[in-house]
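Participant: coordinates only, sequence not included:
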C-alpha cells in the first residue's frame, strides 16, 4: 500500500538510537528523506547512513532541543537541504525513575526542558515551513505515563501529559493549514539487546542483574504480552510497535486524523 510518504521530508528528534532510530528507519523504508536530529552527532550520522542504505537521502544534524536557536537552525538546514519540511516526529526525551521526594530540581528541569520545551520549540519552528508546503504532520512521542501517571515517574508523567494537552490545543489552531497534530504513547518499550537495552534499565533505576525479574513482573501488566502457550514468547513493547503507529499517522491515510492520542502499549492503558 502506498502511504503517500515517498519523497516527503521527515525530521525525527532523538533518533540516534532506540525508538527514534526505528521511527527514522521505518519512514525511510516508505521513501521519506530523513533528518536525524540528536545531541549525539556520531550516533545520528550512523542512523543517517542506515537510512541512506534504504535508497533515500538522509541528513544528520547535531541538535539540542532545549535551545530554541539550535532547533531553529535545524529546521532551516532541513528545509535548505530538502526544499521543505513535511513531517516532524518529536521523540527526544529523558526519563528518570525515582520517587518525587528522592528526585532533585536539576532532574525536574532536565526532563521538562527536553521533553516539553523541546517539543514546543520544534513545533514552533517547523510549522511555518509546513504552512509553505500546504500541510504537514506533527507526531509527538508521549507515554502512557502521561495518560494515567506512573509510579516513580511523577515529573516525567507530567511532561508527557503536557505534550498531550498541548497537542490537542495546537491541532485546533493549525488544522486550517492542513497540518495534523497527534501523539503516540508507548508503554514499556525495550530496545534491542545491547547498550540501548541496558540504558533503558539504568534510566529506570533498575540494576542490570535484576532485569529479567523486573521484565517478567512488567509483562504481567500488559495484556498483549501474556501468551497462552509456550510457542510464542512473551514480550514487552519494541521500537517497531511505536514506529509503525507513527508511520500511519504520518501517512496520507491519516489525513483526517488530528488531535488524537494513540497508545501503542499492548493494552497497558485502556483510557478513553
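Facilitator: Yep, that arrived. All figures in this text were calculated on a predicted structure; none of them were measured in a lab.
Participant: how close does the residue nearest the centre of the chain get to residue 105?
Facilitator: In the chain, the residue lying closest to the centroid (C-alpha atoms, centre = their mean) is residue 91, at 2.9 Å. Remark: distance between residue 91 and residue 105 (C-beta to C-beta, to the nearest Å) = 25 Å. (C-beta placed from N, C-alpha, C; glycine too.)
Participant: for residue 13, see how far away residue 78 is.
Facilitator: Residue 78 sits 11 Å away from residue 13, going by C-beta to C-beta.
Participant: looking at these two, which one has more neighbours?
Facilitator: Using other C-beta atoms under 10 Å, the more surrounded residue of residue 78 and residue 13 is residue 13, with 30 against 24.
Participant: the more buried one against residue 92, yeah?
Facilitator: Yes: between residue 13 and residue 92 there is a contact under C-beta atoms under 8 Å: 4.0 Å.
Participant: find the residues that touch each one of the two.
Facilitator: Common neighbours of residue 13 and residue 92, counting by C-beta atoms under 8 Å, 6 or more residues apart in numbering, are 20, 37-38, 65, 118.
Participant: just to be sure, which of these are found in helices?
Facilitator: With DSSP state H as the criterion, helices contain 20, 118 from among those.
Participant: touching, residue 24 and residue 49? I think so.
Facilitator: No: taking contacts as C-beta under 8 Å, residue 24 lies outside contact range of residue 49: 11.2 Å.
Participant: of these two, who's got more company?
Facilitator: The neighbour comparison of residue 24 against residue 49 (other C-beta under 10 Å) goes to residue 24, with 32 against 12.
Participant: where does residue 90 fall, phi/psi-wise?
Facilitator: Per-residue torsions, residue 90: phi -90, psi 100 (degrees, to the nearest 10).
Participant: that one: what's it in contact with?
Facilitator: 13, 118-119, 122-123, 138-141, 163.
Participant: could you give the bridge partners of it?
Facilitator: Under DSSP bridges, the beta-bridge partners of residue 90 are residue 140.
Participant: quick one: low-confidence residue ranges for the chain.
Facilitator: Residue ranges of the chain with pLDDT under 70: 192-211, 226-234, 271-272.
Participant: helices along this protein, start to end?
Facilitator: Assigned by DSSP H, the chain shows helices spanning 18-29, 41-52, 68-82, 105-111, 118-133, 145-148, 154-174, 195-203, 211-219, 239-250.
Participant: distance to residue 225 for these - can I get that in a markdown table?
Facilitator: Formatted as a markdown table, the helices of the chain follow (distance: least, C-beta to C-beta, whole Å):
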| stretch | distance to residue 225 |
| --- | --- |
| helix 18-29 | 17 |
| helix 41-52 | 27 |
| helix 68-82 | 36 |
| helix 105-111 | 26 |
| helix 118-133 | 28 |
| helix 145-148 | 17 |
| helix 154-174 | 21 |
| helix 195-203 | 16 |
| helix 211-219 | 4 |
| helix 239-250 | 11 |
